[in-house]
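Peer 1: Got a predicted structure plus its sequence, pasted below:
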Amino acid sequence: MVMRIGIMTYHFSDNYGALFQAYALREWFLAQGYDAQFVNYHPEHVEGGGNFELGNFFSKKNLKVLYLRFSKLKTKFFGNRQQKKNFEEFRSNYLGVNGAEYKDISDLESASLEFDLLVCGSDQIWNPSDQFGLDPVYFLNFEIKNKNVRRISYAPSFGRDEISAKYHNQLIKMIKKLDGVSARELSGVSIITNLADIEVSCVPDPTFLLNDYSKVMTPYPLKVGRYVFCYALRSRAVIGEATEMIADNLGASIYSPYNSHRRWREIGETVYPCPRQWLYLMENSDFVVTNSFHGTALSILLNKPFIVVGLREGKSSLNARALNLLEAVGLRSRFIDNSTQEIIDEILNSPIDWRMVNANICNLRMQGEAYLNDQLSKMKGDIDG
């Protein structure tokens, strides 16, 4: 019988990086001959805010809930409907996600799910939110029909290099229930090992498990000419100026994908790609400028000249994710936190040694595969036993 694998991650997000890390993990399992599918868990608290806290309307939690609810309504009524449809089609056609959603633990447990292996990861599923905290479901802390199911994590991220002490006890309790534990960043490994006496593997983001993305790309109609692809999230600070300076130097246009959460001045010309076109735009650009983890990961995998612009002030803790990855492939110098002409000139005059980088990518891929194959072999042993 073919073993059934259930994957728990942020597969529902209208975010390019979230979709491609989900796609890559499932594709790897399918290539090994397993029946892999996503557990269609889509809790309201992740993007819709969830419930308000009673008694203190102006609490940090309530303000976050209010912001998320407003953003959801804004996107629903004023967002780009074609792009929304494109994300939904990608989930259906390339992630295999169809059917009803599960909104909470009771929905999951009443569904009588049948899997031999449950995998939680990747993305920031272990990053506690202001409005909800840690979600037990993303630690696979729920019951399914198969009482002997093996539960493991693959490359989940805390999103930062430390988490509040108020979550420590809950975190320890939930992680110790997993049969196999891994994290995406070394900082994540440190968080776990400092709190619990368990073995933790550091494995790469699922996008590194694949070495060819050509079959999932499709052209986006553009004007003829050179262009810089800017994938900016959360802020325009520094990245806007850096992109403009690089484009001026290269004599290139600037294209930036539409972002429904953008609250800053446009960087170049806004484009509206579906996920497959987003990857095509990156692949065919002359240069990529990003402040996104998956923008970084896919620039590396596609061997594109790129820089990563650090987030600032209250968002600076999120830089740990990209920095950890850049150090792992030997490209720490591609991270900048300022956009002076001297810094930009140095970047443009420093070609990347892709032979070295690709060797490091190969090593990362082997680490990820070794961890997954070890967990699969243990699952087979449990079944045979």
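Peer 2: Nice, I can see it. No experiment lies behind these values; they were computed from the predicted model shown.
Peer 1: switch to C-alpha atoms for all contacts and neighbour counts from now on
Peer 2: OK.
Peer 1: What distance separates the opening and closing residues of stretch 349-359?
Peer 2: The straight-line separation of the ends of stretch 349-359 (C-alpha to C-alpha, to the nearest Å) is 23 Å.
Peer 1: Mind listing what's buried along that stretch?
Peer 2: 352, 354, 357 (16 or more other C-alpha atoms under 10 Å).
Peer 1: got it, and stretch 144-161?
Peer 2: Within stretch 144-161, the residues scored as buried using 16+ other C-alpha under 10 Å are 144, 149-161.
Peer 1: Residue ranges of each domain in the protein, please.
Peer 2: 4-211+362-384, 214-352 (automatic domain parsing).
Peer 1: show me the contacts for residue 179.
Peer 2: When contacts are counted by C-alpha atoms under 8 Å, 6 or more residues apart in numbering, residue 179 touches 150, 151, 152.
Peer 1: doesn't residue 22 fall inside a strand?
Peer 2: No. The assignment for residue 22, made by DSSP: H, G, I helix; E, B strand; the rest coil, is helix rather than a strand.
Peer 1: which SSE is residue 62 in?
Peer 2: Here residue 62, judged by DSSP states H and E, is contained in helix 60-78.
Peer 1: helix or strand right after that helix?
Peer 2: helix 81-94.
Peer 1: Packing partners of that next one?
Peer 2: With contacts taken as 3 or more C-alpha pairs under 8 Å, 6 or more residues apart in numbering; DSSP states H and E, helix 81-94 sits against helix 275-283.
Peer 1: Neighbouring strands of the helix or strand just after the helix it packs on in the sheet, and parallel or not?
Peer 2: Next along the chain after helix 275-283, taking DSSP H and E as the criterion, comes strand 287-290. Looking at strand 287-290 with DSSP bridges, its partner strands are strand 227-231 (parallel), strand 306-309 (parallel).
Peer 1: Other residues contacting strand 287-290?
Peer 2: Against strand 287-290 from outside (C-alpha under 8 Å, 6+ apart): 227-233, 239, 242-243, 282, 296, 299, 304-309.
Peer 1: Can you get me a residue count around residue 59?
Peer 2: A count of neighbours around residue 59, defined by other C-alpha atoms under 10 Å, yields 15.
Peer 1: Residue 128 versus that one, what's the distance?
Peer 2: 16 Å.
Peer 1: what about stretch 170-178, distance to the chain center?
Peer 2: 22 Å (C-alpha atoms, centre = their mean, to the nearest Å).
Peer 1: Stretch 189-208 too?
Peer 2: Distance, centroid of stretch 189-208 to centroid of chain: 16 Å (C-alpha atoms, centre = their mean).
Peer 1: CA atoms only for it - export them in CSV, please.
Peer 2: The C-alpha coordinates for stretch 189-208 follow below in CSV (Å, rounded to 0.1, in the frame of the first residue of the first chain):
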residue,chain,number,x,y,z
VAL,A,189,17.4,24.9,16.7
SER,A,190,18.8,27.0,19.5
ILE,A,191,15.4,28.0,20.8
ILE,A,192,14.3,24.4,21.0
THR,A,193,17.6,22.9,22.4
ASN,A,194,17.8,25.7,25.1
LEU,A,195,14.3,24.8,26.3
ALA,A,196,14.1,21.0,25.8
ASP,A,197,16.6,18.2,26.0
ILE,A,198,15.7,16.7,22.6
GLU,A,199,17.5,16.1,19.3
VAL,A,200,16.8,18.8,16.6
SER,A,201,18.0,18.8,13.0
CYS,A,202,18.6,21.9,11.0
VAL,A,203,17.2,21.4,7.5
PRO,A,204,16.8,23.8,4.6
ASP,A,205,13.6,25.3,3.4
PRO,A,206,11.5,22.9,1.2
THR,A,207,12.3,25.0,-1.9
PHE,A,208,15.8,23.6,-1.7
